[in-house]
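S.K.: I need the structure of the sequence given here:
(one chain, ligands or ions: 1)
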Amino acid sequence: MPTPDEPMISFAGVGKSFGDNHVLRELDLSVDEGEKVSIIGPSGSGKTTILRLLMTLESPDSGMVRVDGSPLWDRRADGSGVDAKRQSEVRRKIGMVFQHFNLFPHMTVLDNVTLSPVRVLGMGREEAEQRAVELLQLVGLEKHLRHKPGQLSGGQQQRVAIARALAMRPKVMLFDEVTSALDPELIGEVLSVIRDLARTTAMTMLLVTHEMRFAEEISDRVLMFDSGSVVESGPPGQIFQNPEHERTRRFLKAVL
Ligand code: ADP
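M.R.: Got it, this is the predicted structure:
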């Protein structure tokens, strides 16, 4: 367990390259328990890589990542590493919603949401279904339990993906540009579900988003990211109305 003042997520000196492409450089970053943090910045700057490292979909080359008081990655020169079993226990505290929903197309909405609680957490089917129905009510899709993802709109599929991630009762939720594959008229319904979650849950939330107004509205803190490092970090009012760095000003001018 973390000590009271230990962050929920911390990156210390994390480096990540793909070949010659140095995507993250000595990255230090921390997110407190319950904090809602948005990461903004230009495409290709390494934002998604941060989330993928937390999901153990990528591995860092150097540095240390801790979640809820336990190491998830230890790639320090003198580090001892993290064994696979402990890593998967820590990783299980984190849920992620992807840009492209990633639902199982051959399974019903209900089965998509119950699969991991039953298989991974060993929850009984009845309990998992009851919980899935509650979560599908939360995202406004209780009428679609028996439908397959292909019968739903993109916005509805993304809301199922949110319910599916929540079904694992994560302490941390990651959202990776979750509206960027949606038609403009479907974006609002997905943002509204996330907005309600941000207001009502104690979960820690880390979002990569191009929706600047949304980031401004729901975040406790915004991180401006460029070329693998945090350019500046602060409350949304500061970052959007009074950014300190020229790089942030230029970025916001281009996107707002
Ligand atoms: P962002 O989310 O800010 O757009 P990403 O983290 O997705 O940035 O990507 C950062 C850089 O890393 C980009 O140049 C991207 O092409 C590269 N990259 C990401 N994932 C891979 C991968 N699996 N293999 C090779 N290059 C990758």
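S.K.: can we go C-alpha only for contacts and neighbour counts from here?
M.R.: OK.
S.K.: the helices in the stretch 101-250 of the chain, which residues?
M.R.: 109-119, 125-138, 154-166, 184-200, 212-218, 236-241, 246-255 (DSSP state H, counting those that start in this stretch).
S.K.: Relative to the ligand, which of those helices is closest?
M.R.: For the ligand, the closest of those is helix 246-255, at 12.9 Å, according to C-alpha to the nearest ligand atom.
S.K.: That closest one and the ligand, any residue contact?
M.R.: No. Shown here: helix 246-255 not in contact with the ligand (C-alpha under 6 Å from any ligand atom), separated by at least 12.9 Å.
S.K.: again with stretch 174-190
M.R.: No. Using C-alpha under 6 Å from any ligand atom, stretch 174-190 stays clear of the ligand, coming no nearer than 8.1 Å.
S.K.: What are the buried residues along that stretch?
M.R.: Under the neighbour-count criterion of 16 or more other C-alpha atoms under 10 Å, stretch 174-190 has 174-179, 181-182, 186-187, 189-190 buried.
S.K.: Now that we have the helices of the stretch 101-250 of the chain, can you turn them into a markdown table and tack on distance to S227?
M.R.: Below are the helices of the stretch 101-250 of the chain laid out as a markdown table (distance: least, C-alpha to C-alpha, whole Å):
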| stretch | distance to S227 |
| --- | --- |
| helix 109-119 | 35 |
| helix 125-138 | 37 |
| helix 154-166 | 29 |
| helix 184-200 | 27 |
| helix 212-218 | 19 |
| helix 236-241 | 18 |
| helix 246-255 | 11 |
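S.K.: that older thread, show me which pair in the buried residues of stretch 174-190 is furthest apart.
M.R.: L174 and L186 (20.1 Å; C-alpha to C-alpha).
S.K.: Tell me how many other residues surround K85.
M.R.: 9 (other C-alpha atoms under 10 Å).
S.K.: which phi and psi does it have?
M.R.: phi -70, psi -50 (degrees, to the nearest 10).
S.K.: now that we're looking at it, how far away is R92 from it?
M.R.: 11 Å (C-alpha to C-alpha, to the nearest Å).
S.K.: quick one, phi/psi of D32?
M.R.: According to degrees, to the nearest 10, D32 has phi -80, psi 160.
S.K.: dump the residue contacts of it.
M.R.: 6-9, 204 (C-alpha atoms under 8 Å, 6 or more residues apart in numbering).
S.K.: Identify the farthest-apart pair in those residues.
M.R.: E6 and T204 (13.3 Å).
S.K.: Give me the more crowded residue out of these two.
M.R.: T204 (21 against 17).
S.K.: Verify the contact between the more buried one and F175 for me.
M.R.: No. Applying C-alpha atoms under 8 Å as the test, T204 and F175 come out as separate, 11.2 Å apart.
S.K.: Would you list the phi and psi of E211?
M.R.: Torsion angles, degrees, to the nearest 10, at E211: phi -90, psi 90.
S.K.: Next, work out how far apart it and L103 are.
M.R.: For E211, the distance to L103 - C-alpha to C-alpha - is 23 Å.
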